[in-house]
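Asks: sequence unknown, structure follows:
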């Protein structure tokens, strides 16, 4: 599938203050240690019949199928789309988790206090486990996993290439991890076998801690920045959101299913089911942005234009 090389330089920070505190980050670190799990804890005997016929979707979804460019091919085409969507999403989870592992390792270097370094170390372990579990699932059960999508690749390149720790944390802990957590929480309705549902339940538990760490690390930081510095972070949020929206127009899937790209992306962009799904998975990102003080009027307006804001009303600070 190739590789990505991104040049970046960061300043390494060490602290000689080893006194324990009662901080929320310290409590999060203790919880992370207690909630570790192994890839071998997953019951890999659960059957996966990739590509098999699926039961009827919801009435809302079946109405979407009737309006989609797949309708003229008949019901089996909708089942094929649903399986390919699962394969595509799990593939993108895998690629994102590897980037998150790298970011967590970098945060160990740059975080100013010891408890934050402790926690970031546990997150790196979590992300390594996520890479292992998703890669095993894809290798074992998905005939043709997907390469990293172009919008995700662009997003990861921007995040990993930035030398500022808070920008890296904002991009990964808030924009990427919160989005993934919301997608995992919806897996019961969007995925089609018990094995991947079990895997995403375990991973979602870890991701909730990761997002909490991002909120703790970044909370209050932007209040002390200049307007120019704050605007740069708002730019990153809006650029990342635009890439997220573009990513979920599903160009890779339409290409594999031999659906004309314009027809497929037009359906994904404008049908109410597809818009509602994007809004649902973006909801946790919006909430996290509100918690750290970055769901500003400018950001809110930009997210509204992207049709991503529905579930984030009232989350501003």
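Replies: Structure's in. What do you need? These numbers come from a predicted model, not from an experiment.
Asks: Got phi/psi on residue 53?
Replies: Main-chain torsions, residue 53, degrees, to the nearest 10: phi -60, psi 140.
Asks: show me what contacts it?
Replies: 76, 79 (CB atoms under 8 Å, 6 or more residues apart in numbering). Using the backbone N, CA and C atoms, a C-beta is placed for each residue, glycine as well.
Asks: change it to 10 Å
Replies: Residues in contact with residue 53 (CB atoms under 10 Å, 6 or more residues apart in numbering) are 75, 76, 79, 80, 83.
Asks: Just these: which are in helices?
Replies: Of the positions in those, 75, 76, 79, 80, 83 sit in helices, assigned by DSSP state H.
Asks: Would you show me how to pick out the buried ones of these in ChimeraX?
Replies: The ChimeraX selection below is limited to those of these classed as buried (16 or more other CB atoms under 10 Å):
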select :79,80,83
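Asks: mind giving me JSON lines with the ones in helices among the contacts of residue 53 and columns for pLDDT and distance to residue 298?
Replies: Shown next, in JSON lines, are these (pLDDT from 0 to 100; distance: CB to CB, whole Å):
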{"residue": "75", "pLDDT": "93", "distance to residue 298": "45"}
{"residue": "76", "pLDDT": "95", "distance to residue 298": "46"}
{"residue": "79", "pLDDT": "95", "distance to residue 298": "42"}
{"residue": "80", "pLDDT": "96", "distance to residue 298": "41"}
{"residue": "83", "pLDDT": "97", "distance to residue 298": "40"}
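Asks: from the chain's centre, how far out does stretch 78-85 sit?
Replies: 20 Å (CA atoms, centre = their mean, to the nearest Å).
Asks: Tell me the spacing between the residue nearest to residue 204 when sequence neighbours are not counted and residue 99.
Replies: Sequence neighbours aside, residue 184 is the residue nearest to residue 204 in space, at 3.7 Å (criterion: CB to CB, 6 or more residues apart in numbering). Going from residue 184 to residue 99 by CB to CB, to the nearest Å gives 16 Å.
Asks: and what of residue 222?
Replies: From residue 222 across to residue 99, the span is 23 Å (CB to CB).
Asks: The residue sitting nearest the centre point of the chain sits in which helix or strand?
Replies: Centroid-nearest residue in the chain, with CA atoms, centre = their mean: residue 180, separated by 2.8 Å. Residue 180 belongs to helix 177-185 when assigned by DSSP states H and E.
Asks: Distance from the chain centre to that helix, please.
Replies: Its chain's C-alpha centre lies 5 Å from the corresponding centre of helix 177-185 when counted by CA atoms, centre = their mean.
Asks: got the buried residues for the lowest-mean-pLDDT helix or strand in the chain?
Replies: One helix or strand of the chain scores below all others by mean pLDDT, DSSP states H and E: helix 187-190, with a mean of 86. Residues of helix 187-190 classed as buried by neighbour count (16+ other CB under 10 Å): 187, 190.
Asks: contact partners of that helix?
Replies: For helix 187-190, the external contacting residues (CB under 10 Å, 6+ apart) are 57-58, 61, 82, 85-86, 89-90, 183-184, 196-201, 203-204, 277, 280-281.
Asks: Which of these are buried? Put it as a ChimeraX command.
Replies: This is the ChimeraX syntax for the buried subset of the contacts of helix 187-190, where burial follows 16+ other CB under 10 Å:
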select :57,61,82,85,86,89,90,183,184,196,197,198,199,200,203,204,277,280,281
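Asks: Narrow the contacts of helix 187-190 to those in helices?
Replies: Those of the contacts of helix 187-190 lying in helices (DSSP H): 61, 82, 85-86, 89-90, 183-184, 196-201, 203-204, 277, 280-281.
Asks: pLDDT averaged over the strand or helix carrying residue 231 - what is it?
Replies: Using DSSP H and E, residue 231 sits in helix 227-247. What helix 227-247 shows for mean pLDDT is 96.
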